[in-house]
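In: please find the sequence and the predicted model below.
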Amino acid sequence: MAELYRRFGGGLGTIFLALVAAWLAGMVLAPNVMMIDYSLRPNLPPAEIGGSRDVYSLQNILYLANEGVHRAIFFKTVWASALVAFVTLVVCYPLAYWLAQNATPNQTAIAILALTIPFWVNEVLRTLAWYILLAFRGPLNALLLALGIIDEPVRWYGNTGVLAGMTYAYILFMLFPIYNSIESLEKSQIEAARDLGASVWRTHWRVVIPHAKAGIATGCVFTFMLAAGSFVVPALLGAPGSRWFTEIIYNWFFEGGDWNRGAAYALVLLVLCLTVVLVTLKIARVNLTDVAK
Amino acid sequence: MSAADRIMKGLFGIYFAAFFIYLFAPLAIMAAATFNASRFPTVTPWQGTTLEWFDALAADRGMWDSLWTSIVVAFFVVLVVLPVGTAAALVLTSLHARARSLLYAVMVSPLLTPGVVIGISTLVLWRQLGVGGGVFLIVIAQSSFIICYVMLMVAARLMRFDRTQEEAALGLGASKFMVFRRVILPFLKPALFAAGFLAVLQSIENYNTTLFVRGFDTPLTVYIATKVRTGLTPAVNALALIMIAVTIVGAVVYEVVRRRSRTASQASKEEQPA
């Protein structure tokens, strides 16, 4: 603090501090505190707010624990998000390895430019593209029918659609951390492993993957978090049988009219994401400072 | 080259091609569907090439209204995030190591929070204060996490700042305010431009957070997503095509400018005698 004032003087220093305080206290901390407050109170008509029934309890969170359908959707969202992270990892790993170790600098530059282009396009449009591709009478079914791979059109919307759309949406969040971590691996280590007779699989399993652990953890954590919190992908590519937890939260707010329960559900989602992020990073020994890169 | 190596190479080639088809095919099909006369956006069957969907888009009042809403939101977001993000980066770099890593964790926490949760928490706080959803809340909710990106970009540039410039200016009699205005701000300018561009993009493309705080206002992404429910026509594809074209041109300009400024700063570094 003293350093800040010494550098910028009283006036500017105070302005900077005030701006940062307004952001962190007013836009980050206060909303979250209010959300916790909401989730611990019952949903009451305006006249009864502050009255004798307006007491703190865990009712809203227990409701989620006891309501079978919502509980099932919650756990399904958790494992499906983990599956999305795993599939994205499998899809990205070979390319990340190639970019980091085998490609010439020119190839890397071109490939990275090509990779980034779709990601400048916004998520709603990218999902819309999948919506069109996977339609019942859409291009994918037409192609597979023409090739004779399927006999009748497949209904892709639902679990398959959500998985494909999410993997697509979060590729870069997986690819770049892995690429960065593999890039720092000395080529000679891979050659040494090969010269000592290790197979390709063994080289990856024992040399490359342990070295890239931090990048893999970062990629998985981000993909998991984004998937669990996604709304647009399940809303567009899902089916009634593949509802996502965020859709349940949305319904509490804008259809069920019970904001307190909605806030409680959102709190559960937040705690889940933060726990997964912090525990995974701790296990992989990744510093939060390195994640944001 | 052994047979096993050749097989690996072949497999990798197939995977590589599949990866890029996966990446571009959906966008290409969405773009192509704009020119199909079919009422539902698709490329199979092709019912004749047409430009009518661009006219349909131009005639769509709802689209223009929502585009305007998005532009207004993005404008105010930039107005909020640039000063606050810069201040955050300056405060952060003026701290000692331990305090810095703690504050850093707090500052990046919005990036680790799901977008829907940011929208919800902002909504419940402001309802308590008697403010409902709408453009104002969209700006507040979006800013709360876009500031993080600005902070990171400005802080990254500050790392390369040579503090002796600051001392030299002070030694020559400049006030602390003058040092900030004439030395630090000009140095940060490239990062601020990049951050401003990214902020506009983040704001316009945001959906998850915006959905909860929009009230009765409809920004572009919400409008597009609603269209899927209420009757999707290739007019939406025409809009997508235009947005993709604009973002790609913007992205290329952004990359070119960034690379040029990087090579320029490297060149100026090399010119300095050791």
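Out: Thanks, I have it.

In: I'd say residue B:62 and residue B:223 touch.
Out: Yes: counting by C-beta atoms under 8 Å, residue B:62 does reach residue B:223; the two are 6.3 Å apart. Glycine gets a C-beta too; all of them are placed from N, C-alpha and C.

In: burial count for residue A:66?
Out: Neighbours of residue A:66 under the rule other C-beta atoms under 10 Å in any protein chain shown: 9.

In: and the residue of chain B closest to chain A?
Out: As assessed by C-beta to the nearest C-beta, chain A sits closest to residue B:114 within chain B, at 2.6 Å.

In: contacts only, for that residue.
Out: By C-beta atoms under 8 Å, 6 or more residues apart in numbering or on different chains, the contact set of residue B:114 is A:225, A:226, A:228, A:229, A:246, A:269, A:270, A:273, B:208.

In: do residue A:249 as well
Out: Residue A:249 makes contact with A:262, A:265, A:266, A:269, B:116, B:120 under the criterion C-beta under 8 Å, 6+ apart.

In: would you confirm that residue A:122 contacts residue B:221?
Out: Yes: with contact defined as C-beta under 8 Å, residue A:122 counts as touching residue B:221 (6.5 Å).

In: what touches both of these two?
Out: With C-beta under 8 Å, 6+ apart as the test, residue A:122 and residue B:221 both reach B:204, B:205, B:207.

In: against residue B:210, how distant is residue A:60?
Out: Per C-beta to C-beta, to the nearest Å, residue A:60 is found 25 Å from residue B:210.

In: who in the stretch 101-250 of chain A is up against chain B?
Out: With C-beta under 8 Å from any C-beta of the partner chain as the criterion, the stretch 101-250 of chain A meets chain B at residues A:113-118, A:120-126, A:128-133, A:135, A:137-139, A:142-143, A:168, A:171, A:200, A:225-226, A:228-232, A:235-236, A:246, A:249-250.

In: pLDDT weak spots in the stretch 151-274 of chain B?
Out: B:262-274 (pLDDT under 70).

In: how about the contacts made by residue A:256?
Out: With C-beta under 8 Å, 6+ apart, residue A:256 has these contacts: residue A:262.

In: which helix or strand contains it?
Out: Here residue A:256, judged by DSSP states H and E, is contained in no helix and no strand.

In: who's more crowded, residue A:60 and residue B:210?
Out: residue B:210 (28 against 23).

In: re the thing from before, and the residue lying closest to the residue of chain B closest to chain A once chain neighbours are set aside, how many neighbours?
Out: Nearest residue to residue B:114, sequence neighbours excluded (C-beta to C-beta, 6 or more residues apart in numbering or on different chains): residue A:229, at 2.6 Å. Residue A:229: 26 surrounding residues under other C-beta under 10 Å.

In: residues in contact with the residue of chain A found nearest chain B?
Out: Distances between chain A and chain B by C-beta to the nearest C-beta are smallest at residue A:229, namely 2.6 Å. Residue A:229 makes contacts with A:246, A:269, A:273, B:114, B:115, B:116, B:117, B:208, as judged by C-beta under 8 Å, 6+ apart.

In: residue B:218: what secondary structure?
Out: coil (DSSP: H, G, I helix; E, B strand; the rest coil).

In: phi, psi of it?
Out: Backbone dihedrals for residue B:218, given as degrees, to the nearest 10, come out at phi -120, psi 100.

In: and residue 141, how many neighbours?
Out: Just going to use chain A. What residue A:141 shows, counting by other C-beta under 10 Å, is a neighbour count of 20.

In: ah, no, chain B please
Out: Residue B:141: 29 neighbours (other C-beta under 10 Å).

In: just the CA trace of the host helix or strand of it, in CSV.
Out: Residue B:141 belongs to helix B:135-158 when assigned by DSSP H and E. Taking Å, rounded to 0.1, in the frame of the first residue of the first chain, the C-alpha atoms of helix B:135-158 are listed here in CSV:
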residue,chain,number,x,y,z
VAL,B,135,-28.8,-3.0,-19.5
PHE,B,136,-27.4,-1.6,-16.2
LEU,B,137,-27.2,-5.0,-14.5
ILE,B,138,-25.8,-6.6,-17.7
VAL,B,139,-23.0,-4.1,-17.6
ILE,B,140,-22.3,-4.7,-13.9
ALA,B,141,-22.4,-8.4,-14.2
GLN,B,142,-20.2,-8.7,-17.3
SER,B,143,-17.7,-6.1,-16.0
SER,B,144,-17.1,-8.1,-12.8
PHE,B,145,-15.3,-10.8,-14.7
ILE,B,146,-14.1,-8.9,-17.8
ILE,B,147,-12.0,-6.7,-15.4
CYS,B,148,-10.0,-9.9,-14.7
TYR,B,149,-8.9,-10.1,-18.3
VAL,B,150,-7.9,-6.4,-18.5
MET,B,151,-6.1,-6.8,-15.2
LEU,B,152,-4.1,-9.8,-16.5
MET,B,153,-3.2,-8.1,-19.8
VAL,B,154,-2.1,-4.8,-18.2
ALA,B,155,-0.2,-6.6,-15.4
ALA,B,156,1.6,-8.7,-18.1
ARG,B,157,2.8,-5.5,-19.8
LEU,B,158,3.7,-3.8,-16.5
